[in-house]
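Trainee: kindly return the folded structure for what I paste below:
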Amino acid sequence: MLRVLLFLQKILDFFKIDIEWSEYQSFEEMFKTDILNRIKQIGLELHFRNSFKGSYYKAWKLITRIQEWGFKVWAVDHNYDNNYNDTSNPNFKGLFCCSNVYFINTRFLRDFSMSVEM
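Mentor: This next block holds a predicted model:
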């Protein structure tokens, strides 16, 4: 898909990625191209587990790299409905396994504000 998007040179309004732990490698490939310059918004399901050493740092690092491309986080929601709870107590949700992180590309903010004014 990345090759097709690069070839078409289109602007994407919204890019949703939920690929069960493969988001890290996928973004590494995207960082090697200019595709992020042509995405207005990203919805990313970001996976991590307390039992995986360094996975919170890895998630933070990915968010930081996306922000370096001109994106700002505008919303986050956490997924507690999972099998990765850090507790055996079924009444306690424990830590979440993933979060949906929504980014907006600041390069396109003018486009968003103009559509609101109309």
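
Trainee: and the lengthiest helix in the chain, what's buried?
Mentor: When the chain is parsed with DSSP state H, its longest helix is helix 55-68. By neighbour count on 16 or more other Cβ atoms under 10 Å, the buried set for helix 55-68 is Ser55, Ala59, Leu62, Ile63, Ile66. The C-beta positions use only the backbone N, C-alpha and C, and glycine is treated the same way.

Trainee: got the contact list for the last one?
Mentor: With contacts taken as Cβ atoms under 8 Å, 6 or more residues apart in numbering, Ile66 has the following neighbours: Phe27, Leu36, Ile42, Leu44, Phe103.

Trainee: likewise the second one?
Mentor: Residues in contact with Ala59 (Cβ under 8 Å, 6+ apart) are Leu46, His47, Phe48, Ser99.

Trainee: the second one reaches Cys97, doesn't it?
Mentor: Pointing back at His47 there. Yes. Counting by Cβ atoms under 8 Å, His47 touches Cys97, with 6.5 Å between them.

Trainee: which of the two has more neighbours?
Mentor: His47 (23 against 19; other Cβ atoms under 10 Å).

Trainee: not counting its neighbours along the chain, what's nearest the more buried one?
Mentor: Cys98 (4.5 Å; Cβ to Cβ, 6 or more residues apart in numbering).

Trainee: do the same with Met30
Mentor: Leu36 (6.0 Å).

Trainee: doesn't Trp69 make contact with the one you found?
Mentor: Yes. The criterion here is Cβ under 8 Å, and Leu36 meets it with Trp69 at 4.5 Å.

Trainee: which stretches of this structure form helices?
Mentor: Using DSSP H, helices in the chain cover 2-8, 23-31, 55-68, 109-117.

Trainee: got TSV for these, with mean pLDDT and distance to Lys16 too?
Mentor: Listed next are the helices of the chain as TSV, based on pLDDT from 0 to 100; distance: least, Cβ to Cβ, whole Å:
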stretch	mean pLDDT	distance to Lys16
helix 2-8	69	14
helix 23-31	88	11
helix 55-68	89	14
helix 109-117	65	18
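
Trainee: now those in TSV, with distance to Val76?
Mentor: Below are the helices of the chain laid out as TSV (distance: least, Cβ to Cβ, whole Å):
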stretch	distance to Val76
helix 2-8	25
helix 23-31	15
helix 55-68	10
helix 109-117	19
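
Trainee: sweet, I'm off.
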